[in-house]
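*Asks:* what's the 3D shape of this:
(one chain, ligands or ions: 1)
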Amino acid sequence: MTQYIDVSDVAEIVQREGLPRVISAMAGYIESDYRDWEKFDKSARVASHSAVGVIELMPTANETLYAFKYVNGHPQNTFSALPTVMAFGVLADVSTGFPLLLSEMTLLTAIRTAAMSALAASRLARKSSRVMAIIGNGCQSEFQAIAFHTMLGIREIRLFDTDRAASEKLQRNLAAFPDLEVTIALSAEQAVLGADIVTTVTADKTNATILRPEMVEAGMHINAVGGDCPGKTELHPDVLLHARVVVEYEPQTRIEGDIQQMPADFPVTEFHHIVSGQQQGRSSEQQVTVFDSVGFALEDFSALRYLRDLGEKHGVGHQLNLIPSLDNPKDLYSLVRHEASAGVALDKASQASEAMSPADHV
Ligand SMILES: NC(=O)c1ccc[n+]([C@@H]2O[C@H](COP(=O)([O-])OP(=O)(O)OC[C@H]3O[C@@H](n4cnc5c(N)ncnc54)[C@H](O)[C@@H]3O)[C@@H](O)[C@H]2O)c1
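*Replies:* From the prediction side, this is the model:
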């Protein structure tokens, strides 16, 4: 049977484990899969664009497991009481093709994105980083804040969103972390002033300039999460021009990331080179670093792998009758044989009834 893990199952698992621990462990799974980079089938995700958003399929596989995620991005959704980003995914056995796990991935995506952001920052940001700005305070933002607090030792977070209610929600949700100082800024400029790390995680289908060159200070690390689609960027091109830019999978990020604004030969480093030690993180305390995050299938693979382990550990999830279980694997028809003969019998009965003259009906 296929294991099915729904939204309340994931919420229960995360509450039992504690979100900070889940994020850190998720980062460990992602890092381990990035170490095995060469073993994965890799491709840019398949995107179906419309005027208001995008629907994407994100597949990848190694020798033993195959995964895909279905995910959308519709920045206007929140006006219809739907999240901007919604997702589900499958983990399957490569040796048979059997789907082992079907899972919700809206929560899981927020967790894996935050884990990936913090993992990248752990290699790129200055070790002394304590202050972070978060521009865009929607669904992803709590996860980002908690990931950087847990994994990077961030102590102070400054928030800015064009919707002040979103910032107030984030501030309320972070009140559970007493050693985290959280303030709401009046502008993006005010939020980033003196910050060691800036996370941009806005949703707007436009070439926005959330960060302009004059807002960037020497040594800053920029975690650019919201620019993840053609025509949807967050950084002024000159911010990228003067920074060390790290990406997940270059062929996908050239299309979707903030670097879509740059010439095709603009130099970038794939993150796996840093994980493997082939390339260093930042070269100096003054260097500006950018993680141009778009979300890569390998991270969802890691997320599903981790969730499967957590589901087993906590005994959470359901058995889903998704694939036929057959006594004779060549006899799929056996599943419908009874109903089919009953259908034929019914058909014959109704034909006989129609053939009777009205007088035959009593
Ligand atoms: N890179 C990745 O792996 C990854 C993963 C998940 C989501 N995302 C992207 O992250 C972004 C945020 O996702 P979410 O689920 O939090 O969306 P959301 O709609 O819940 O929140 C987005 C917030 O951005 C704010 N915003 C929009 N324009 C702004 C601006 N100019 N300045 C300040 N704030 C602004 C909105 O008011 C909203 O509160 C989306 O663009 C999504 O596509 C990327």
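*Asks:* ok, which residues in this structure are in contact with the ligand?
*Replies:* Counting by C-beta under 6 Å from any ligand atom, the positions of the chain adjacent to the ligand are 73, 75, 78, 84-85, 109, 113, 135-141, 160-163, 166, 201-204, 208, 210, 225-226, 228, 293-295. Placement of C-beta: from N, CA and C, glycine included.
*Asks:* mind checking which of those residues are in helices?
*Replies:* The helices, defined by DSSP state H, take in T109, T113, S141, A166 from the residues of the chain next to the ligand.
*Asks:* and the residue of the stretch 101-250 of the chain that's closest to the ligand?
*Replies:* Going by C-beta to the nearest ligand atom, the ligand is nearest to G138 of the stretch 101-250 of the chain, at 1.8 Å.
*Asks:* how many neighbours does the closest residue in space to that residue that isn't next to it in sequence have?
*Replies:* Among residues not flanking G138 along the chain, A166 sits closest, at 5.7 Å (C-beta to C-beta, 6 or more residues apart in numbering). By other C-beta atoms under 10 Å, 18 other residues sit near A166.
*Asks:* contacting residues for A166?
*Replies:* Contacts of A166 were listed using C-beta atoms under 8 Å, 6 or more residues apart in numbering, and they are N137, G138, S141.
*Asks:* related to what we said a few turns ago, of the ones in helices among the residues of the chain next to the ligand - the most surrounded one?
*Replies:* For these, the largest number of neighbours (other C-beta under 10 Å) sits with S141, at 27 neighbours.
*Asks:* what pLDDT is listed against it?
*Replies:* Note for S141: predicted pLDDT of 98.
*Asks:* residues contacting the residue nearest the centre of the chain?
*Replies:* When C-alpha atoms, centre = their mean is applied to the chain, the residue found nearest the centroid is T109 (3.1 Å). For T109, the contact set (C-beta under 8 Å, 6+ apart) comprises K69, V71, V85, A87, G295, D300, A303.
*Asks:* in helices only, show me those residues.
*Replies:* D300, A303.
*Asks:* what helices and strands are in contact with whichever helix or strand E56 is part of?
*Replies:* Assessed by DSSP states H and E, E56 sits inside strand 54-61. Counting by 3 or more C-beta pairs under 8 Å, 6 or more residues apart in numbering; DSSP states H and E, the packing neighbours recorded for strand 54-61 are strand 46-49, strand 65-73, helix 297-314.
*Asks:* which of the contacts of T109 sit farthest apart?
*Replies:* Using C-beta to C-beta, these reach their maximum pairwise distance at V85 and A303, which is 13.8 Å.
*Asks:* the two: who's more crowded?
*Replies:* Using other C-beta under 10 Å as the criterion, V85 and A303 rank with A303 on top: 29 against 23.
*Asks:* the more buried one contacts A114, correct?
*Replies:* No. Contact criterion C-beta atoms under 8 Å: A303 and A114 do not qualify, at 11.1 Å.
*Asks:* quick revisit: just put the contacts of T109 in a markdown table and tack on pLDDT and distance to P329.
*Replies:* What follows is the contacts of T109, written out as a markdown table (pLDDT from 0 to 100; distance: C-beta to C-beta, whole Å):
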| residue | pLDDT | distance to P329 |
| --- | --- | --- |
| K69 | 98 | 29 |
| V71 | 98 | 33 |
| V85 | 98 | 39 |
| A87 | 98 | 32 |
| G295 | 98 | 37 |
| D300 | 98 | 30 |
| A303 | 98 | 32 |
